[in-house]
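> how would this look folded up:
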Amino acid sequence: MRTVLSILALVVAVSTVALGGDLKGQVTFKGTVPAAEAVTITKDTRACGTMKEIRKVVVDKKGGLRDAVVRVLGLKSKAAYTGPEPVLNQVDCEFVPAVVVVPMGTTLTITSADAVLHNSHAFNEDGTTAFNLAVPFKGMKLRWKPKNPQIMKVRCDAGHTWMFARIVVTESPFAAVSGDDGSFSIASVPAGKYTVEAWHPELGKQTQEVEVPAAGQSVMFQFSAK
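Got it, this is the predicted structure:
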């Protein structure tokens, strides 16, 4: 009986390590938040309005920083991506979300909630076009699958010059974007020691050496104005 229990305990332990633990935490901002840019709109005002306040650094009242990508570097695991479906929407003439993670092997859905013509023009890191997809109808869905990891810029060429987004294509599924309060969660990271990176399109990147046990780990990043 003792032998059976020992075997069961070993199976549970091995399974726990194989599944890994969650890497959770928060990205915050310290200092004076850069002011929003006011943009006067003269095209498609019924859908877009007449004025936009474009905030490139979005921080909540407690300092939580939105739109930072946190990812585990150098992890070659072939585990399936279990996060939310990558979607790049166009809502009230803005890209939503402003930053989207697309792990290799997954597909990005491009859509629009606006009843006006938009297009998503994405650029590779070398400046060449990765895709240029028109979305003329509300609710229309197009799909794109990345070929290599990189950070891509996206703009709308349909007269909406204030519309920008980033697509972060990662080599593994172990990545997440910080939410409105700066929090993030990366599920089932295999136990081990890793370099964890936090990247923000306006504030640059930081790295930390983190040991993730099978029970999971937490990590904090803090950015400030350049």
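
> Could you look up the SS state of the closest residue to Val91 other than its chain neighbours?
Excluding the flanking residues, the one nearest Val91 by CB to CB, 6 or more residues apart in numbering is Ala113, at 4.6 Å. Yep, even glycine has a C-beta here, placed from its N, CA and C like the rest. Under the three-state scheme (DSSP: H, G, I helix; E, B strand; the rest coil), Ala113 adopts coil.

> Looks like Ala113 contacts Gln90 (just checking).
Yes. If you go by CB atoms under 8 Å, Ala113 and Gln90 touch, sitting 6.6 Å apart.

> Now do the buried residues in stretch 23-39.
For stretch 23-39, the neighbour count (16 or more other CB atoms under 10 Å) marks 23-29, 39 as buried.

> So which of those is the closest to Ala187?
Leu23 (8.3 Å; CB to CB).

> Where do the helices of the chain begin and end?
2-19, 45-48 (DSSP state H).

> Pick out the shakiest of these, pLDDT-wise.
When mean pLDDT is averaged over each of these, helix 2-19 scores lowest at a mean of 40.

> quick one: least confident helix or strand in this structure?
Lowest mean confidence among the helices and strands of the chain (mean pLDDT, DSSP states H and E): helix 2-19, at a mean of 40.

> Contact partners for Ser185?
22-24, 176 (CB atoms under 8 Å, 6 or more residues apart in numbering).

> Let's see that with 6 Å instead.
22, 24 (CB atoms under 6 Å, 6 or more residues apart in numbering).

> cool, Ser224 as well?
30-31.

> begin at 41 from here
From this message on, residue numbering opens at 41, which makes the last subject Ser264.

> How much space separates it from Ile94?
For Ser264, the distance to Ile94 equals 21 Å [CB to CB, to the nearest Å].

> Run a quick check on Glu211 versus Pro189, I expect a contact.
Yes. Shown here, Glu211 and Pro189 form a contact pair, counting by CB atoms under 6 Å, at 4.5 Å.

> higher neighbour count, the two?
A direct count of neighbours by other CB atoms under 10 Å for Glu211 and Pro189 places Glu211 higher, at 18 against 15.

> Quick check: pLDDT value at that one.
93.

> try Lys118
69.

> do the same with the one 3 residues further on
In the prediction, the pLDDT value recorded for Tyr121 is 79.

> got the contact list for it?
143, 146, 213.

> make it 10 Å
Tyr121 sits next to 141-146, 210, 212-215, 227 when contact means CB atoms under 10 Å, 6 or more residues apart in numbering.
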